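Chemist: Here is a sequence with its predicted model. Questions after.
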Amino acid sequence: MANKEHISKQFDAELEEVRSRVLQMGGFVEQQIEQSIEALTNGNEDLIEQVIAHDHRVNAMEVSIDEMCNQIIARRQPAASDLRLIMMVIKTITDLERIGDEAEKIARMARLIYASDRMHSPRFIEIKHVATMAMDMVHKALDSFARLDLKAAAQIVRQDEQVDEEFRSIMRQLITFMMEDPRKISTALEILFVAKAIERIGDHAKNMSEYVVYMVKGKDVRHVTADEIEREIRE
């Protein structure tokens with residue numbers, strides 16, 4: 001939030017409410033990811049259906065917060081850091097909604113795998129490992145949002161590189177798996193879709209961390225290297 005105190009206490013309250021709603025949405029999205037991975041690794045059919053059914057709640061949260069931001073812009077005409085805050089919120093909830101979509105996709109892939117009795121994929125261990133990394137990125141991104149922590153934001157960008165490398169490793173392993181046993185191609189492809197969904201979750205967490213840099217520094221650091229972001233933060 002802006003460092004200065006606004007003349008209107010109500011404006012301050014509205015900005016704080018928006019921030020609180022984003023963190024609430026973020027917490028629910030984190031739960032969706034965690035449950036989708038648990039459903040995949042344990043074959044919990046009830047949990048699979050729960051994740052899929054709850055995706056509409058994530059969508060509703062995005063719409064509600066977006067409407068709130070539009071009302072603030074119309075009524076308050078924010079400028080400078082206040083406007084950057086609202087822009088950060090709008091962009092962040094878009095990424096959170098897309099993370100929710102990826103969690104639903106993981107649950108749908110789990111449903112396909114277990115419905116076909118094509119279980120016991122050798123890639124679940126690696127999937128769980130990279131999912132843990134991506135979930136940590138999302139958690140840190142939300143914490144960075146709450147605290148406007150630039151150092152944490154920079155760490156998330158570095159973590160995204162690690163998640164990308166893990167995804168490439170899983171993809172190579174799955175290709176080998178398919179070549180060795182063509183009967184497992186369908187399962188391997190479904191696991192590959194899961195791995196890609198996790199990699200995309202990492203991308204969205206990275207986006208969220210970049211919005212924090214924009215909020216604090218007033219500079220768009222999308223599409224730049226991690227080294228450049230770190231330099232910008234030090235300045």
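Modeler: Received the coordinates, thanks.
Chemist: can you pull out the strands in this protein?
Modeler: Read by DSSP state E, the chain holds no strands at all.
Chemist: report the longest helix in it, please.
Modeler: helix 80-115 (DSSP state H).
Chemist: How much space separates the nearest residue to Q24 once chain neighbours are set aside from V213?
Modeler: Leaving aside its chain neighbours, Q24 sits nearest to M61 (7.5 Å; criterion: CB to CB, 6 or more residues apart in numbering). Where C-beta positions appear, they are placed from N, C-alpha and C, glycine not excepted. Separation of M61 from V213 (CB to CB, to the nearest Å) stands at 24 Å.
Chemist: ok, those two, which is more surrounded?
Modeler: V213 (24 against 21; other CB atoms under 10 Å).
Chemist: How about the more buried one, nearest residue that isn't a chain neighbour?
Modeler: V221 (4.9 Å).
Chemist: any idea where the helices of this protein begin and end?
Modeler: Under DSSP H, the chain gives helices at 9-42, 45-76, 80-115, 124-147, 150-180, 185-217, 226-234.
Chemist: Could you list the low-pLDDT ranges of this protein?
Modeler: Along the chain, the parts satisfying pLDDT under 70 run over 1-7, 117-123, 235.
Chemist: ok, Y214 - contacts?
Modeler: R84, M87, M88, D220, V221 (CB atoms under 8 Å, 6 or more residues apart in numbering).
Chemist: which one among these gets closest to V29?
Modeler: Using CB to CB, the shortest approach to V29 within the contacts of Y214 belongs to M88, at 16.5 Å.
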